[in-house]
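Undergrad: I'd like to go over a predicted model; first the sequence, then the structure.
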Amino acid sequence: MISVLMLAAAILAILAAGLQLGASGVLHVSQAHKRNVALCAAEAGVYEAVLRLENDKGFTGTAAGDLVASGGKFSISVTNDLWTGAEATVVSTGTYAGVSRTLKVSLQPDTEGFGALSLGGKVYTYDKAYINGISSAKNPLYRPGNGHSEFGGATDDGFVGQDFNGDGEQARIRATGDLSAAGRFASDLEVVARSKKEMVHEPQYRLNKDEMLAVSFSAGTVPTDGKFTGSARFNGDVTFPMKVTIAEGATIHIQGGSAKFLGGLEGKGSLVVDGDIVIQTDAEFDSSNDSGLKVLADGSIAISHPEASSDDEGVHYEIDAVGDYFAQMPPDAPSQIAQGVPVNAPRDGDFFLWIDDQLSGTPSPEFNQWYEGDGSEMNPGLSPSTKQWLGQSRGIKEDIKAWADSANG
């Protein structure tokens, strides 16, 4: 009997130790779960701060939120210096079941973004202009193209239309995003945008002129090849007849004057002009070039067509009908056109001849299913804006085909 009791006592001791170890493990797993949920809540707070800053670049202060699915909560505090070109600091604390975790994150403006045009001076539009947005040259995903002019007040025009050819054509600006002005939009300018706001001061990312000029400058001389590898300062008005390239880390300062770049402007450096800037773009677009300049002007910026020329009577140019057509392409048109396009649809420039043939005669059933859709998720059809854009190609279909053939051959 004594041996049995001793054996039972030993077994009970082992079981008690096992139960204690199991309870400790359960407690450890429970605490780890609470910490993970609190950390996820803190990360959600950081994403909330990013979202608020994308919608309002001037956002600063505090906010809080609940995560219904997990039961976690977060609170964020944002210190915003983005307007100086610096950064925003986010402190996010996530809590769950008495456990908290805190993250501190520094956010900087997207240096690769092509999302907006923001000027202290006027925006001059000659006949037609388009503001489109992409995420970056490396990753050209669609973004709304926004524009803002901080020029003037209640009686001043921040956006101005000019009849470039002198043929009576009304100046027009089309933006895939929002347009806003501290002043007004000129009455002779046709504006097409997601929204149009006058007499507002939009918070935008601002370049800091003092920081950009806090470098050592040499006396400015125009290099024969137009390539600047170091910082240089010019006094008064300067005209650059060739393409100008400003290398990364170099800053060009036009002090007390304006600058004209008649052969294009590229690079990864910085350009600061105390007056106005005129840029005649290069006729060749290099899609592999992912560099970008920081450009600051105290005055206005005018960007001209690459084929523009000037004489005593004014500025003259010819519209590239094909380029002008594709500049007006709706952002969602490529994805819509590619979805369910008939297998017999031709490629390249012949595609637009096929569009004209189908719309001129009796469309095939395959065309109708792709163009109009059948109400199903697989065949949604094209949007009205995409249909309208394709319809505009019918008048220049031969020009598009010639351009496509030359580009492929």
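TA: Perfect, I can see it now.
Undergrad: Ala302 bridge partners, please.
TA: Ala302 has these beta-bridge partners by DSSP bridges: Val278.
Undergrad: Let me see the contact set for it.
TA: Shown in contact with Ala302 (CB atoms under 8 Å, 6 or more residues apart in numbering): Tyr124, Asp276, Ile277, Val278, Ile279. Where C-beta positions appear, they are placed from N, C-alpha and C, glycine not excepted.
Undergrad: how near is it to Gln280?
TA: Distance of Ala302 to Gln280, computed by CB to CB, to the nearest Å: 9 Å.
Undergrad: ok, back up a step: in JSON lines, list the contacts of Ala302 along with distance to Glu398.
TA: Below are these laid out as JSON lines (distance: CB to CB, whole Å):
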{"residue": "Tyr124", "distance to Glu398": "33"}
{"residue": "Asp276", "distance to Glu398": "40"}
{"residue": "Ile277", "distance to Glu398": "38"}
{"residue": "Val278", "distance to Glu398": "35"}
{"residue": "Ile279", "distance to Glu398": "32"}
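Undergrad: These into CSV, with extra columns for neighbour count?
TA: Output for the contacts of Ala302, formatted as CSV (neighbours: other CB atoms under 10 Å):
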residue, neighbour count
Tyr124, 22
Asp276, 20
Ile277, 23
Val278, 16
Ile279, 20
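Undergrad: Out of those, which is nearest to Gly153?
TA: Tyr124 (18.5 Å; CB to CB).
Undergrad: Where does that closest one sit, in terms of helix or strand?
TA: strand 123-126 (DSSP states H and E).
Undergrad: Does anything pack onto that strand? Which helices or strands?
TA: Counting contacts by 3 or more CB pairs under 8 Å, 6 or more residues apart in numbering; DSSP states H and E, strand 123-126 packs against strand 157-162, strand 171-175.
Undergrad: what do you get if the cut-off is 6 Å, keeping everything else the same?
TA: Applying 3 or more CB pairs under 6 Å, 6 or more residues apart in numbering; DSSP states H and E, we find strand 123-126 packed against strand 157-162.
Undergrad: The strand it packs on to strand 171-175, inter-axis angle?
TA: Strand 157-162 runs at 120 degrees relative to strand 171-175, counting by axes from the mean of the first three to the mean of the last three CA atoms, to 10 degrees.
Undergrad: ok, strand 157-162: who's next to it in the sheet?
TA: strand 123-126 (parallel), strand 184-185 (parallel).
Undergrad: Can you name the residues that contact Asp276?
TA: Ser258, Gly299, Ser300 (CB atoms under 6 Å, 6 or more residues apart in numbering).
Undergrad: sorry, back to before: looking at the strands paired with strand 157-162, which is closest to Glu266?
TA: Across the strands paired with strand 157-162, closest to Glu266 is strand 123-126 (CB to CB), at 21.6 Å.
Undergrad: got the contact list for the closest one?
TA: So strand 123-126 is contacted by Ser149, Phe159, Val160, Gly161, Gln162, Phe164, Ala171, Ile173, Ala302 (CB under 6 Å, 6+ apart).
Undergrad: what about 7 Å?
TA: 147, 149, 158-162, 164, 171, 173, 189, 300, 302 (CB atoms under 7 Å, 6 or more residues apart in numbering).
Undergrad: so which helix or strand takes in Ala63?
TA: Going by DSSP H and E, Ala63 is in strand 61-66.
Undergrad: Keeping just the C-alphas, turn the helix or strand that that strand is followed by into CSV.
TA: Once the chain leaves strand 61-66, the next helix or strand it forms, by DSSP H and E, is strand 73-80. Output of strand 73-80 as CSV, limited to C-alpha atoms (Å, rounded to 0.1, in the frame of the first residue of the first chain):
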residue,chain,number,x,y,z
LYS,A,73,-7.3,50.7,-31.0
PHE,A,74,-4.8,53.2,-32.2
SER,A,75,-4.0,56.9,-31.5
ILE,A,76,-1.6,59.0,-33.7
SER,A,77,0.2,62.2,-33.4
VAL,A,78,1.5,63.9,-36.6
THR,A,79,4.1,66.7,-36.6
ASN,A,80,4.1,68.0,-40.2
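Undergrad: Flag every buried residue along strand 73-80.
TA: Lys73, Phe74, Ser75, Ile76, Ser77, Val78, Asn80 (16 or more other CB atoms under 10 Å).
Undergrad: same deal with stretch 50-69?
TA: Arg52, Leu53, Lys57, Phe59, Thr60, Leu67.
Undergrad: pretty sure the last one is touching Ala41, no?
TA: So that's Leu67. Yes - look at Leu67 against Ala41 with CB atoms under 7 Å: they come within range, at 5.7 Å.
Undergrad: Bridged to Lys260, which residues?
TA: Beta-bridge partners, per DSSP bridges, of Lys260: Thr239, Val278.
Undergrad: pretty sure it is in contact with Thr239, am I right?
TA: Yes - between Lys260 and Thr239 there is a contact under CB under 7 Å: 4.4 Å.
Undergrad: More neighbours: which of these two?
TA: Set side by side, Lys260 and Thr239 show more neighbours around Lys260, with 17 against 11, by other CB atoms under 10 Å.
Undergrad: so where's the stretch 151-300 of the chain uncertain?
TA: The model of the stretch 151-300 of the chain has pLDDT under 70 over residues 164-165, 203-206, 283-291.
Undergrad: Tyr47: how many residues sit nearby?
TA: 13.
Undergrad: contacting residues around it?
TA: Here Tyr47 is in contact with no residue (CB under 7 Å, 6+ apart).
Undergrad: Turn the contacts of Asp276 into CSV, including secondary structure, distance to Gly381 and neighbour count.
TA: Listed next are the contacts of Asp276 as CSV, based on DSSP: H, G, I helix; E, B strand; the rest coil; distance: CB to CB, whole Å; neighbours: other CB atoms under 10 Å:
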residue, secondary structure, distance to Gly381, neighbour count
Ser258, coil, 51, 19
Gly299, coil, 48, 17
Ser300, coil, 44, 20
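Undergrad: Can I get these in CSV including distance to Arg35?
TA: CSV is the format used below for the contacts of Asp276 (distance: CB to CB, whole Å):
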residue, distance to Arg35
Ser258, 60
Gly299, 56
Ser300, 55
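Undergrad: Fine by me, thanks again.
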